[in-house]
Each structure stands twice: as C-alpha cells, then as structure tokens.
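Peer 1: my questions are about this predicted structure, shown below with the sequence.
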Amino acid sequence: MVSEGAFLEWADVHEHCYGSPKEPVFRHLAEGRDVLFDIDWQGAQAIALAAPTDTVRVFILPPSMADLAKRLHTRAQDSEPVIERRLGRARGEISHWDEYDYVIVNDDMEQAYAELTAIYRAERLRRPRNLWIEPMVSALLAEI
C-alpha cells in the first residue's frame with residue numbers, strides 16, 4: 001500500500017509500522033463525518049498536507065518529562081528499554097508543538113478532555129464542515 005500511495009500517512013514509530021488508508025478517510029470526510037487520529041507529528045504533518053482544509057491539529061503536552069516517565073512506567077505496557085526509547089523520542093515530538101493549531105497541557109485529565117471537547121465543538125461549527133447548512137439556507141431563502 002505504501003508503494004501504491006494508498007496511505008494518507010504512514011510511519012515507522014517505536015519499531016512498529018502504522019498507517020491510515022486514504023480511501024476510508026476521504027470517504028468519511030466527503031460524507032461530512034469526522035475522523036480522529038492519535039498520531040505522531042510526522043503523521044499529523046502528512047495529513048495536514050494532504051487535507052489542509054479538513055485538518056485541525058491538537059498537540060497534547062505532558063506537564064513535565066518526569067510526569068511523562070511516571071505515566072509510561074505506571075501503565076506497565078512496555079519494557080524499560082522501550083520506555084527509555086519513548087522518552088528519548090518524546091523530546092523530538094515535543095519540539096514540533098508549534099506546528100499545531102491548538103496545544104493542551106495534560107496535567108488534569110478532566111480539564112484536558114474539556115479543552116479538547118471545546119476545540120472539537122468550535123471546529124465542528126465552522127461553516128465548511130457542515131455540509132447540510134447550504135441546502136438548509138437555500139430552503140430558508142426560498143420560503144421568503
């Protein structure tokens with residue numbers, strides 16, 4: 001699929017390959033549906049280049065590197081070498097924070113979720129994202 005250009009974005013991250021096929025993403029967008037990604041800065045950059053008018057980038061920052069390390073250790077999903085590799089790569093990820101439309105510091109999960117929800121709601125209200133609005137306004141104007 002990579003050689004055929006079938007991915008909207010793809011990357012080798014933490015020694016695993018990830019990707020998002022173009023077709024279902026663009027189909028959902030054409031239907032006026034939202035598509036949410038949890039990806040690294042490279043994937044976000046690729047998507048923003050491929051679909052600039054449909055992309056809203058939100059960077060989630062940890063409150064500190066110590067907190068990030070604690071979270072990675074607490075979830076107990078990775079070995080120590082993997083955690084160290086993730087922490088090393090986190091600095092590179094964080095260095096791209098200023099390429100995003102919004103930045104949330106995740107020092108309180110409820111607050112961070114509320115902020116993300118507010119961003120989603122505001123962006124969802126943008127005129128071009130509401131495919132139903134033009135026919136509705138046309139119908140309203142026809143009634144006058």
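Peer 2: The structure has been received and is ready for your questions.
Peer 1: name the nearest residue to residue 127, sequence neighbours excluded.
Peer 2: Leaving aside its chain neighbours, residue 127 sits nearest to residue 133 (6.4 Å; criterion: CB to CB, 6 or more residues apart in numbering). Quick note: C-beta positions are derived from backbone N, CA and C, even for glycine.
Peer 1: how many neighbours does that neighbour have?
Peer 2: Residue 133: 13 surrounding residues under other CB atoms under 10 Å.
Peer 1: so for it, what's the pLDDT?
Peer 2: pLDDT recorded at residue 133 is 91.
Peer 1: for the chain, give me the ranges with low pLDDT.
Peer 2: Applying pLDDT under 70 to the chain flags the ranges 13-14.
Peer 1: helices of that one, start to end?
Peer 2: Counting by DSSP state H, one finds helices in the chain at the ranges 22-30, 41-50, 65-75, 80-94, 109-124, 133-143.
Peer 1: now, of these, which is deepest in the fold?
Peer 2: helix 41-50 (a mean of 17; mean count of other CB atoms under 10 Å).
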